[in-house]
Each structure stands twice: as C-alpha cells, then as structure tokens.
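[1] Mind folding the following:
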Amino acid sequence: MQQGSGLTRTLALIPSSVMIGIFFLVPFVLIVLTSFSVEMDNGDYELGFSLAHFERFATWFYIERALFSAGLCALIAILSLLIAYPFTWFLTNFGPRTQTLWLIYILAQLSLSEVLIAFSWQILLSRTAGIANILVWVGLAEESFAMTPSAGAVLAALVYLAVPFSVLLLYPALSRLDKSLTEASRTLGASPLRTFFTVVIPVTRPAIISSGVTIFVLTLGAIIVPQVLGQPQHWTLSVLITDQAIFNFNMPFASALAVVLLVISGSVIFAVTKLTGAKA
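    Here you go, the predicted structure:
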C-alpha cells in the first residue's frame, strides 16, 4: 500500500513538474544563453560564450542602479511590514464576519494592476487634481504643486502595492496564533504592548521573514510605477531591462541584466534563509 501511495504521489507531481519546466526552466535557460551571445559583424547576435554584456554591467551606472533597486525594495519590504503587521494583528482579534469583510476588501485591492495603481497615484500626486490642492485649501501651502516625479512617489505607490500582499502573507500565522500564549503573558503582568513585542512577534518570526522576502522579490520586478512616478535616477533595474529589450532591441544585454536581477533575488533569499536558519 505504501509503495502504491508513493507511486501515486510521484505521478501526481509529473504535471506540475512539466509546467514548471516549460514556463520557468526553459525561459530561464534561454535568457542565460542569450546573455552570453556573441555580437556579429552585421550587428546581430549568435549563441556563444561572451562576457561582454556582463562587462558592460560592471560600470558604476548599472551597479548603482542594482544597489538602488535592492535598497528601495528592502525599504519597501520594511515599510509594508510595519504597516501590515499591526493591522493584521488587530484584524485577527475581530469576529469572523469582520475579518471576512476586510479580507474581501484586501483581495479586491489585489485585483488592481500595477498600471492602474501607477496612474492613480500620478493623479493623486498631480498639481491639478492631487492632494496638494487639499493642502492649499487647509492653508498648509500657498499654491498647488506636483509631487511627481519623485523618489517619494515611487516609494509610496510601491508600498501601497505591497501592503495587501503582506497582510495576506501574515494573516495565516497570526490567525492561528495560540491565544493562550498572550493570555499567559498578560497573567504574568506584561502590558499589551510588551506582550506584542515579546510574545507575538517572536512566535510569528518565520511569517515575517517570508513575507519580507516575498515583498522584496515582488517589488524588485516592478516596472510601471518607477517609470510613471519617478525620474530616470529613480528607475530600477527592471525598468532598464525593459528599456534595453523593447526600445533598444538589445536582447543579449537585457538578458544579462535579467540574470543579474535573478542573482540578486537568489542571493537575498539564500542569505535570509541561512541567517534565519542559523538563529532558529
């Protein structure tokens, strides 16, 4: 029976394994091969082994863009967790009906595309129809002004994009938290705030870490928001990849940048896994 059930589980994995191979491994291999392409005399590229595209990345401009992208996404992950974690904790203390209504609202936010969010924030931060007019109306500003393009606009829009994902990633861990732990802490004289920091956060640390890493990787691939709400100095590496592939028709260099982006994502995931595993 055990051999039969093991064979059944193995056969059940075949369809998903084939799908992963088709939609992830094959494109990944093609990107890697393209990144090492050799430029021909007529301007075309052929498969080969050339480090020229990676050498082009090894300039301060692209290195600075990679560092900026990683730093921006790390900041977004931290800010989204600072917003989403307390909200999710308070949400789990409400009744089932209230929780369901809020979760439906959050899921509705996830239906908004990055394009819609980018242009909505562009209107919200514009000079003619943005919140600057409210500041003028209440007397905090003398005249209306545009808040875009700016790094703050990019940061705000991406945090808005990331918070619903953070809530949904944190909700299972916080909703299943054993209430007896917090009750025991309160019985021993700890305040609600101290209980939150010394009991709730340590117990749900794996969920916090996985949520932060997921948000980092998710926002690392954002393209529309930095383009619409930021200046060229606020563009992330993903925007430069799109620029090279679509506008400059330089697929080998775009592939090399994509490989670098994957290496950054993989390095962050590996480092966080090792560090948190060492402390566990």
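[2] from what I can see residue 158 touches residue 223, true?
    No - here residue 158 lies out of contact with residue 223, judged by CB atoms under 8 Å, at a distance of 11.2 Å. To be clear about C-beta, it is placed using only N, CA and C from the backbone, and glycine gets the same treatment.
[3] ok, the two, which is more surrounded?
    The neighbour count for residue 158 versus residue 223, taken as other CB atoms under 10 Å, is higher for residue 158 (29 against 18).
[4] check contacts around that one.
    Shown in contact with residue 158 (CB atoms under 8 Å, 6 or more residues apart in numbering): 72, 76, 219, 222, 225.
[5] Quick check: the last one vs residue 160, distance?
    This points to residue 225. From residue 225 over to residue 160 the distance is 9 Å, taken as CB to CB, to the nearest Å.
[6] next one: residue 239
    Taken as CB to CB, the span from residue 239 to residue 160 is 18 Å.
[7] so what's the residue lying closest to residue 237 once chain neighbours are set aside up against?
    Closest residue to residue 237 apart from its sequence neighbours, by CB to CB, 6 or more residues apart in numbering: residue 69 at 4.4 Å. Neighbour list for residue 69: 220, 236-238, 261, 264 [criterion: CB under 8 Å, 6+ apart].
[8] Residue 69 sits in which helix or strand?
    Remark: residue 69 resides in helix 60-92, with elements defined by DSSP states H and E.
[9] Can you list the buried residues in that helix?
    62, 65-66, 68-70, 72-74, 76-77, 79-81, 83-85, 87-89, 91-92 (16 or more other CB atoms under 10 Å).
[10] Just checking, which helix or strand succeeds that helix along the chain?
    Assigned by DSSP H and E, the successor of helix 60-92 is helix 96-110.
[11] Which strands and helices lie in contact with that next one?
    With contacts taken as 3 or more CB pairs under 8 Å, 6 or more residues apart in numbering; DSSP states H and E, helix 96-110 sits against helix 60-92, helix 151-175.
[12] Quick one: the ones you listed as CSV, columns for mean pLDDT too.
    As requested, these are exported to CSV (pLDDT from 0 to 100):
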stretch, mean pLDDT
helix 60-92, 92
helix 151-175, 92
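[13] what about residue 225 and residue 160, which has more around it?
    In terms of neighbours (other CB under 10 Å), residue 225 is the more surrounded of residue 225 and residue 160; the figures are 27 against 19.
[14] list the contacts for that one?
    By CB under 8 Å, 6+ apart, residue 225 lies in contact with 114, 117-118, 121, 154, 157-158, 161.
[15] Closest to residue 255 out of the contacts of residue 158?
    Residue 255 lies nearest to residue 222 out of these, by CB to CB, at 19.4 Å.
[16] wouldn't residue 46 be in contact with residue 40 here?
    Yes - taking contacts as CB under 8 Å, residue 46 lies within contact range of residue 40: 5.9 Å.
[17] give me the low-pLDDT residue ranges for the stretch 1-150 of the chain?
    1-7, 41-43 (pLDDT under 70).
[18] let's see 90
    Along the stretch 1-150 of the chain, the parts satisfying pLDDT under 90 run over 1-62, 92-96, 98-99, 103-150.
[19] Quote the end-to-end distance of stretch 85-101.
    Terminal residues of stretch 85-101 are spaced 18 Å apart (CA to CA, to the nearest Å).
[20] Could you do stretch 200-207 as well?
    First-to-last residue span, stretch 200-207, CA to CA: 11 Å.
[21] now it, how far from the centre of its chain.
    20 Å (CA atoms, centre = their mean, to the nearest Å).
[22] If you count neighbours, what's buried in it?
    By neighbour count on 16+ other CB under 10 Å, the buried set for stretch 200-207 is 200, 204, 207.
[23] now stretch 265-278
    265, 268.
[24] Show me the contact partners of it.
    70, 205-206, 209, 212-213, 216-217, 220.
[25] ok, the residues you listed vs residue 230, which is closest?
    Nearest to residue 230 among those: residue 220, at 15.0 Å, using CB to CB.
[26] thought the closest one was touching residue 261?
    Yes - between residue 220 and residue 261 there is a contact under CB under 8 Å: 6.7 Å.
[27] Noted, bye for now.
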